[in-house]
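Novice: kindly generate the corresponding structure for this input.
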Amino acid sequence: MSIPADGIGMHLYTMREVLAEDYPGTLKRLAGIGYRTVGVSGRFDHTAEEIRSFADDAGLSIVLEHVGYPRMTDNWAGALADVQTLGAQWIVVPSIPSEMHSVEGFKTAAAAFTEAGKAARDAGLKLLFHNHGRDFDAVDGQVLYDILLDVDPELLGFELDLYWVVDGGHDPAKYFQEHPGRFPALHVKDMAADGSWEDVGAGKLDFAGMFAYATEGGVEQWLVEHDKPADAWQSAERSYRGLTEIRY
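Specialist: Here you go, the predicted model:
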């Protein structure tokens, strides 16, 4: 089994340097490589309306946008309206503030996600949380990330960053199995032998083993990401090929 073509996307954080120079041209070139969808991360002085028009012109669908944690209490309605304008279905909080990395902090975040998730649901959207490695720290015998899994699944889903799950010492496939349907979107980012970031298919992560349980996990979108590519275009092309070649 291979990843469906319309499920292969690019998380635009990867392309931030070229986006700053030419946003519409970047989207058209990504579509030319074969990407069908994108996740927005940074506007680069463009409005939501403009970015939507750039994507439409390129023949790409925007599936999500990353919105900072503070926005949940600072014009969340406006953030939701922008995601609607983009034509996306998910609004994603990319991280929890470092000062909240404790059991009590994550419980506070869980409560905030519950309320923000209700507003997202009312707007016809779904709130997702994107993880980093530290989110899997065990504090007083409790894995912090798992606190968020206790939030009502109707109100909070997850954009699982596969690299950071492994970096945090856990197995994405196990999360797919133990929490079915919670992970509609992925960040597919490979890990080099030295633990740094790598293009998809050029590193050591067992994506085929993970994706064997992707349906169980509810995965709909596989979004390529590289945090710091030496050449964004070379990385985008290499990762696209790598992702299309995975069989599971």
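
Novice: where does D57 land in three-state SS?
Specialist: On the three-state scheme (DSSP: H, G, I helix; E, B strand; the rest coil), D57 is labelled helix.

Novice: surely it touches P24?
Specialist: Yes - the pair D57 and P24 qualifies as a contact (C-beta atoms under 8 Å) at a distance of 6.5 Å. To be clear about C-beta, it is placed using only N, CA and C from the backbone, and glycine gets the same treatment.

Novice: give me the neighbour count for G141.
Specialist: By the measure other C-beta atoms under 10 Å, the count of residues near G141 is 6.

Novice: do S102 as well
Specialist: Residue neighbour count, defined by other C-beta under 10 Å, stands at 14 for S102.

Novice: beta partners of the closest residue in space to it that isn't next to it in sequence?
Specialist: Using C-beta to C-beta, 6 or more residues apart in numbering and skipping the chain neighbours, the partner closest in space to S102 is V139 (6.1 Å). Under DSSP bridges, the beta-bridge partners of V139 are Q142.

Novice: V139 touches E104, doesn't it?
Specialist: No - between V139 and E104 no contact is recorded; they are 9.6 Å apart, counting by C-beta under 8 Å.

Novice: neighbour count: D57 and P24, which is higher?
Specialist: P24 (16 against 12).

Novice: so for that one, what's the pLDDT?
Specialist: The predicted local distance difference test score for P24 is 98.

Novice: which residues touch it?
Specialist: 54, 57-58 (C-beta atoms under 8 Å, 6 or more residues apart in numbering).

Novice: before we move on, what about D167?
Specialist: Contacts here follow C-beta under 8 Å, 6+ apart; on that basis D167 touches 133, 191, 195.

Novice: rewinding a little: tally of neighbours for the residue nearest to S102?
Specialist: With other C-beta under 10 Å as criterion, V139 counts 14.

Novice: and the longest helix along the chain, how far from the chain's centre?
Specialist: With residue count as the measure and DSSP state H as the assignment, the chain has helix 103-122 as its longest helix. On the basis of C-alpha atoms, centre = their mean, to the nearest Å, helix 103-122 is displaced by 18 Å from the centre of the chain it belongs to.
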